[in-house]
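Peer 1: from the sequence below, what's the structure:
(chains A and B)
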Amino acid sequence: MSVLLSALFLLTAVSGTGVALSRTPRQQVLAMAVNGMVLALLFMALQAPDVAFAEVAVGTVALPLLFLVVLASTKMDRSPRGGDP
Amino acid sequence: MPRGMTPRARLVLFALAGLCVLPGVMHVALHMPQFGAHPLPYGDAINAAAPGERHLTNMVSAVNFDYRGFNTLGEEFMLLCAVTGVTVLLRGQRGEGRSAEPGVTPGRPIPPRSDGVVLICHLGGPVILLFGLYVALHAMTTPGGGFQGGVIIASGALLLFLGDGYDGWHRMIRSEAMDACEGAGAALYAACGFASVLLDLPFLQDFLPLGALGDLFSGGLMLIENAGVTLAVGGGFAVVFGKFLEETRIIPEAYKP
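Peer 2: Below is the predicted model of the structure:
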């Protein structure tokens, strides 16, 4: 196993542990995005660029966005302006 | 936490469960194939057969659109169902109205966008869009394909929201057009299968000229299937993004729960 692969496996383990250990949802979403990025690099290094593309787009863009929107909308006051809450 | 469950009891329960699972985990870990070894013959068989049989240099596309094309049809309609589900659920929550005003979080003002963010989004958006098209178009020759291209295109469109806000997103991404893309893409894929059946061939059997190996437009029917997947995935993700972004807006006055 090359140095690159070993380093990426180590990073995967570290960033994955980071997701499990983050306490607030917002931190967790960002940790998950980082984990997705590391996974994409690992897939790339393992010569699976197809999967790497999908992981980058879904794991670091789409999924974090959906989670962030959900977190934002649960904290928001979305009642019509000027009306009763 | 159920009544009576203390952290201590939970740890004991965890240790017991861990002990039960441990032999199985150890057995699997010790009998895994060596790193990098691939004992199954399927990949090698595809690598040997696909360039000659299907005139493709991207074997993943050969599997997705031809050898296992029927699976992809199922995935296409799974995506359609998921997108429909999101749409129905969120629409039921907030009615048909589309207020553009952002909701407010108590104690958190909404700062104006910095010029740097707007500039990066304006420069990066079109580049990502182009890259998505490139990935989708080169499905038959280089890694990538309709799914990856579609998701990248939708992510590029998302920069519109980041750079120009909800108004910009809504001006450029018409929700009706995205709905149509999603549905038409899935329908196009299914139509490819039924076209084969009409020609007295097995479902999804390629009947178009396959073209030259390594050519951008090689692959025959797979090209059309790939276009269908690109439309469906790009449109589907854009619909889902749009529906979620609406969840950060003020609920319209007219909507009564």
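
Peer 1: check contacts around B:Ile224.
Peer 2: Contacts here follow Cβ atoms under 8 Å, 6 or more residues apart in numbering or on different chains; on that basis B:Ile224 touches B:188, B:192, B:208. Heads up, the C-betas are built off the backbone N, CA and C, glycines and all.

Peer 1: roughly how far does the residue most central in space within chain A sit from chain B?
Peer 2: The centre of chain A sits closest to A:Ala33, judged by Cα atoms, centre = their mean, with a distance of 1.9 Å. Remark: distance between A:Ala33 and chain B (Cβ to the nearest Cβ, to the nearest Å) = 12 Å.

Peer 1: is that residue in a helix, a strand, or coil?
Peer 2: helix (DSSP: H, G, I helix; E, B strand; the rest coil).

Peer 1: show me what from chain A comes close to chain B.
Peer 2: Counting by Cβ under 8 Å from any Cβ of the partner chain, the residues of chain A close to chain B are A:1, A:49-50, A:53-54, A:57-58, A:61-62, A:65-66, A:69-70, A:72-73, A:75-81, A:83.

Peer 1: any quick ChimeraX command for the buried ones out of those residues?
Peer 2: Entered in ChimeraX, the line below selects the buried ones among these, by 16 or more other Cβ atoms under 10 Å in any protein chain shown:
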select /A:49,50,53,54,57,58,61,62,65,66,69,72,73,76,78
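
Peer 1: which parts of the stretch 51-200 of chain B sit against chain A?
Peer 2: B:60, B:99, B:101, B:103-106, B:135, B:143-145, B:147-148, B:151-152, B:154-155, B:158.

Peer 1: mind redoing it with 7 Å?
Peer 2: Neighbours of chain A within the stretch 51-200 of chain B, by Cβ under 7 Å from any Cβ of the partner chain: B:60, B:101, B:103-106, B:135, B:143-144, B:147-148, B:151-152, B:155, B:158.

Peer 1: okay, now the unreliable bits of the stretch 1-150 of chain B?
Peer 2: Along the stretch 1-150 of chain B, the model assigns pLDDT under 70 to residues B:1-3, B:92-100.

Peer 1: in it, which spans are strands?
Peer 2: In the stretch 1-150 of chain B, no segments count as strands under DSSP state E, counting those that start in this stretch.

Peer 1: now the helices for it?
Peer 2: Secondary structure of the stretch 1-150 of chain B (DSSP state H, counting those that start in this stretch): helices at B:7-30, B:42-54, B:59-62, B:69-94, B:115-137, B:146-172.

Peer 1: same thing with chain A?
Peer 2: All helices of chain A, identified by DSSP state H, fall at A:3-21, A:25-45, A:49-57, A:63-75.

Peer 1: okay, those helices, which one's buried deepest?
Peer 2: helix A:49-57 (a mean of 21; mean count of other Cβ atoms under 10 Å in any protein chain shown).

Peer 1: and the angle from it to helix A:25-45?
Peer 2: 160 degrees (axes from the mean of the first three to the mean of the last three Cα atoms, to 10 degrees).

Peer 1: can you list the helices and strands that helix A:49-57 packs against?
Peer 2: Secondary-structure packing of helix A:49-57 (3 or more Cβ pairs under 7 Å, 6 or more residues apart in numbering or on different chains; DSSP states H and E): helix A:25-45, helix B:146-172.

Peer 1: got TSV for the ones you listed, with distance to B:Gly228 too?
Peer 2: Shown next, in TSV, are the helices and strands packed on helix A:49-57 (distance: least, Cβ to Cβ, whole Å):
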stretch	distance to B:Gly228
helix A:25-45	25
helix B:146-172	7
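
Peer 1: make JSON lines out of the helices of the stretch 1-150 of chain B and add mean neighbour count.
Peer 2: As requested, the helices of the stretch 1-150 of chain B are arranged in JSON lines below (neighbours: other Cβ atoms under 10 Å in any protein chain shown):
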{"stretch": "helix B:7-30", "mean neighbour count": "10"}
{"stretch": "helix B:42-54", "mean neighbour count": "14"}
{"stretch": "helix B:59-62", "mean neighbour count": "22"}
{"stretch": "helix B:69-94", "mean neighbour count": "15"}
{"stretch": "helix B:115-137", "mean neighbour count": "16"}
{"stretch": "helix B:146-172", "mean neighbour count": "22"}
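
Peer 1: any chance of those in JSON lines with distance to A:Val19 as columns?
Peer 2: JSON lines is the format used below for these (distance: least, Cβ to Cβ, whole Å):
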{"stretch": "helix B:7-30", "distance to A:Val19": "19"}
{"stretch": "helix B:42-54", "distance to A:Val19": "31"}
{"stretch": "helix B:59-62", "distance to A:Val19": "28"}
{"stretch": "helix B:69-94", "distance to A:Val19": "24"}
{"stretch": "helix B:115-137", "distance to A:Val19": "26"}
{"stretch": "helix B:146-172", "distance to A:Val19": "21"}
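
Peer 1: so which of the ones you listed is nearest A:Arg26?
Peer 2: helix B:146-172 (17.3 Å; Cβ to Cβ).

Peer 1: show me what the closest one is packed up against.
Peer 2: Looks like helix B:146-172 contacts helix A:49-57, helix B:115-137, helix B:221-246 (3+ Cβ pairs under 7 Å, 6+ apart).

Peer 1: looking at those, spot the one closest to B:Arg68.
Peer 2: Nearest of these (Cβ to Cβ): helix B:221-246, 11.8 Å.
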